[in-house]
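> Quick one, what's the 3D model for this:
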Amino acid sequence: MSAVPSVSQNRPNTEGASHYGAVLHLPIAEHGRLSAMANDALPALIVFWRGDTPVCQHWRENGQISDIDACTATNCTGADNATNAPTSADVSVIICTRDRPAALRRCLASFARQTLPPKTVIVVDNASRTAETREVARAAGAVYVREDRPGLDYARNAGARAAQTEFIAYTDDDTELHPHWLKRLIAGFIRDDIMAVTGLVLPAALDAEAQWIFERHWGFGRGYKPILFDQTYYAKHRKRGVPAWEIGAGANMAFRRSVFERIGGFDPRLDVGAAGCSGDSEYWHRILSAGYACRYEPSAVVFHHHRTEMAALGKQLHAYMRGHTAALLVQFERSREWSNLRRLFLSLPDYYAKRCTNRAVRSRDHENAFLSEEISGAVSGVVFYLTAPKPVKAG
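Here you go, the predicted structure:
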C-alpha cells in the first residue's frame, strides 16, 4: 500500500504566485500557533489536516483569526473515511468542458494519483470550437464524447448515457483532485437510499482579490462534518423552502446510476449555457422530493481554481442568481411545493432589501461588491424561465 501523502502533497502547487491572499495547509498539531499567525498581514484561509483528511479551517483578516478556539488537536471533528473506503468500485468519472484544454489537461493529470482509479474517465466536449479538447482527452486515455447542444446539463446527461457503471461521479475541468477523492466520495454511499454524495471543495489558490471574495462569501465548501440530507431534513425545511444548494457543489458529486432511470436526467434549462447555474441543486432537490437521500462527505476533496478577474466574477454571480431563481421555478413545476415560490417572491426580496440597506449604510465592501449583478441576475432568471422552451423530457 502506498504511503499516505503529506499535507503539502495533498494540495495544488501554487509556489511563486503573486498573492492578494493565501491558502495555508497545516497539520492539526500546529493549531496552537494560530495566535502567532495573526501577526501576518496577508489575508489567508488556514486549513488544518489530520494526516490526509482536512478537519477544520480559520480565516485570517486584518490581523484577526476567526473562531480561534473552534478546533483543536483533541476536539476536531473532521471526517476520516479511510476505514470503510472501497479498494475497488464500478465507477465512471465525467468531466464536462468547452474550449478550456489547459485546465482540462491539468485536471486529467491529477487522476494519476487516485488511490481508487475509475473504471472510465469520460470527457464530454460541449461544442468546443477547436479539436484541442479532443486531443487532450485522448492523450490522457479518456473516453471522448461530443455534445453539440450548448449547455452544461446537456453535457452532464450525455456523460451519464455514455457511462456503463454502477456509480457516476462528476468533477469540473478547473479542479485538481486529492489522491483519495474518488475512494472517499464513493464510500459516502453508506445506505441504499442515498442516491447522491458530494464532497468538500477547497480553493486551489486565493492569489487574486476576486478569488478571495468568491471563497469568503460564495465558496463551495460545506464544512468538515459529514451531513445526511434525508427525509427528516426535507420535512424540516419543506414549508419555507428546502435549501438544496446546501448539499454541495457540482464540481464534486457522485450518483448511483439507477437514480437517472428513476427520476430522469439534469434539466437542460439550468446551469452554464442556459439559465446559468443550479442544475446540480435542482437535481438534489428532485432526489429528496422523490423520497431518497443525499450525503455530504468532506473527506472527499477537490481543489477548485476560482476566477481571477473581478469582471468575470461579476458575470459569474449574475449567472448564479439567474440560475437560482430559475431553479426555484423548475422545482415548483416538478414538486408543486409552494415554498419554492415563497422563497422566490418573499424571502429573496426581503434578503436583498436588507442587503441594499446595509450597502447604503456601510458603502461598498467585499460582501456587497456585486449586489447589482446579483439582483439583476435574480430578476433575469424569472424572465428566462418564463421564456425558455419547456423540455419534453429532461436531458
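> where in the chain is pLDDT low?
For the chain, the stretches with pLDDT under 70 are 1-18, 72-85, 87-88, 363-364, 392-395.
> The stretch 1-150 of the chain: helices as residue ranges?
Assigned by DSSP state H, counting those that start in this stretch, the stretch 1-150 of the chain shows helices spanning 7-10, 34-37, 101-109, 132-139.
> Any idea which of the ones you listed gets closest to residue 343?
Evaluated with Cβ to Cβ, the helices of the stretch 1-150 of the chain place helix 101-109 nearest to residue 343, the distance being 33.5 Å. Where you see a C-beta, it was placed from the backbone N, CA and C, and this is true even at glycine.
> any chance you could map the strands in the stretch 201-350 of the chain?
227-229, 252-256, 293-304 (DSSP state E, counting those that start in this stretch).
> any chance of these in a markdown table, plus distance to residue 43 and mean neighbour count?
Formatted as a markdown table, those follow (distance: least, Cβ to Cβ, whole Å; neighbours: other Cβ atoms under 10 Å):
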| stretch | distance to residue 43 | mean neighbour count |
| --- | --- | --- |
| strand 227-229 | 28 | 19 |
| strand 252-256 | 24 | 25 |
| strand 293-304 | 18 | 26 |
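> Looking at these, which is nearest to residue 26?
Using Cβ to Cβ, the nearest of those to residue 26 is strand 293-304, at 15.1 Å.
> Only C-alpha atoms, please: export the closest one in PDB.
Extracted C-alpha coordinates of strand 293-304, given in PDB (Å, rounded to 0.1, in the frame of the first residue of the first chain):
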ATOM      1  CA  ALA A 293     -31.400  10.900   0.400                       C
ATOM      2  CA  CYS A 294     -28.100  12.700  -0.300                       C
ATOM      3  CA  ARG A 295     -24.900  12.900   1.700                       C
ATOM      4  CA  TYR A 296     -22.100  15.300   2.100                       C
ATOM      5  CA  GLU A 297     -18.700  13.700   2.700                       C
ATOM      6  CA  PRO A 298     -16.000  16.300   3.500                       C
ATOM      7  CA  SER A 299     -13.100  13.800   3.400                       C
ATOM      8  CA  ALA A 300     -13.600  13.600  -0.400                       C
ATOM      9  CA  VAL A 301     -11.600  16.700  -1.500                       C
ATOM     10  CA  VAL A 302     -11.100  18.600  -4.800                       C
ATOM     11  CA  PHE A 303      -9.300  21.900  -5.200                       C
ATOM     12  CA  HIS A 304     -11.000  24.400  -7.400                       C
END
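> Partner strands of it, with direction?
strand 175-177 (antiparallel), strand 194-203 (parallel), strand 227-229 (antiparallel) (DSSP bridges).
> before we move on, the earlier item: format the strands of the stretch 201-350 of the chain as a markdown table; extra columns: distance to residue 166.
Below are those laid out as a markdown table (distance: least, Cβ to Cβ, whole Å):
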| stretch | distance to residue 166 |
| --- | --- |
| strand 227-229 | 21 |
| strand 252-256 | 7 |
| strand 293-304 | 16 |
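> so which of those strands comes closest to residue 146?
strand 252-256 (22.3 Å).
> isn't residue 180 right up against residue 299?
Yes - judged on Cβ atoms under 8 Å, residue 180 makes contact with residue 299 at a distance of 7.3 Å.
> rewinding a little: save the helices of the stretch 1-150 of the chain as CSV, and put in mean neighbour count and distance to residue 161 too.
Shown next, in CSV, are the helices of the stretch 1-150 of the chain (neighbours: other Cβ atoms under 10 Å; distance: least, Cβ to Cβ, whole Å):
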stretch, mean neighbour count, distance to residue 161
helix 7-10, 16, 33
helix 34-37, 14, 49
helix 101-109, 19, 20
helix 132-139, 18, 17
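> between these, which one is nearest to residue 61?
Closest among these, using Cβ to Cβ: helix 34-37, at 12.0 Å.
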